[in-house]
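A.B. asks: Fold the stuff below for me.
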Amino acid sequence: MATYECKSCRMAVNASCAKCDQPLENDMLVLPDGNQVQISICRSCEGKIKSPQCCGADMSCTM
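C.D. replies: Numbers count the residues shown, from 1 in each chain. So this is what the prediction gives:
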């Protein structure tokens, strides 16, 4: 399970999929313009969300 941590305040979160109860994993989504966005993905049902934010910035991920 990926752990996301705020670089500013050190708040940390783990997340799981409410649909199938599997841990979400860190991943990158490549946009049509070539930019990348950090996401959390469920490998079981392929659901994805934008990775969490805290203190106005994306939380970094450790695996």
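
A.B. asks: what's the span of stretch 41-53 from first residue to last?
C.D. replies: Between the opening and closing residues of stretch 41-53 lies a distance of 16 Å (Cα to Cα, to the nearest Å).

A.B. asks: contact partners of that stretch?
C.D. replies: Contacts made with stretch 41-53 from outside it, assessed by Cβ atoms under 8 Å, 6 or more residues apart in numbering, are listed as 4, 13, 15, 17, 19-20, 22, 24-27, 29, 37-40, 58-59, 61. Placement of C-beta: from N, CA and C, glycine included.

A.B. asks: Check what pLDDT T62 gets.
C.D. replies: The pLDDT attached to T62 in the predicted structure is 69.

A.B. asks: How about A15?
C.D. replies: Value for A15, per-residue pLDDT: 88.

A.B. asks: Looks like it contacts L24 (just checking).
C.D. replies: Yes - A15 is within contact range of L24, at 4.5 Å (criterion: Cβ atoms under 8 Å).

A.B. asks: distance of the residue located most distally from the centre of the chain from D58?
C.D. replies: When each C-alpha in the chain is compared with the mean C-alpha position (Cα atoms, centre = their mean), D33 comes out farthest, at 20.8 Å. Here the criterion is Cβ to Cβ, to the nearest Å. By it, D33 lies 18 Å from D58.

A.B. asks: Repeat that for E25.
C.D. replies: Using Cβ to Cβ, one gets 16 Å for the distance from E25 to D58.

A.B. asks: Show me the common contact partners of A15 and L24, please.
C.D. replies: If you check A15 and L24 against Cβ under 8 Å, 6+ apart, the residues they both contact are M1, A2, S40.

A.B. asks: hmm, which of those residues are the buried ones?
C.D. replies: Of the members of these, the ones counted as buried by neighbours, 16 or more other Cβ atoms under 10 Å, are A2, S40.

A.B. asks: Please say which of A15 and L24 ends up with more neighbours.
C.D. replies: For A15 versus L24, the count of surrounding residues by other Cβ atoms under 10 Å is larger for L24: 22 against 17.

A.B. asks: Which residue comes closest to that one once chain neighbours are left out?
C.D. replies: Counting by Cβ to Cβ, 6 or more residues apart in numbering, S40 is the residue found nearest to L24 once chain neighbours are left out, at 4.0 Å.
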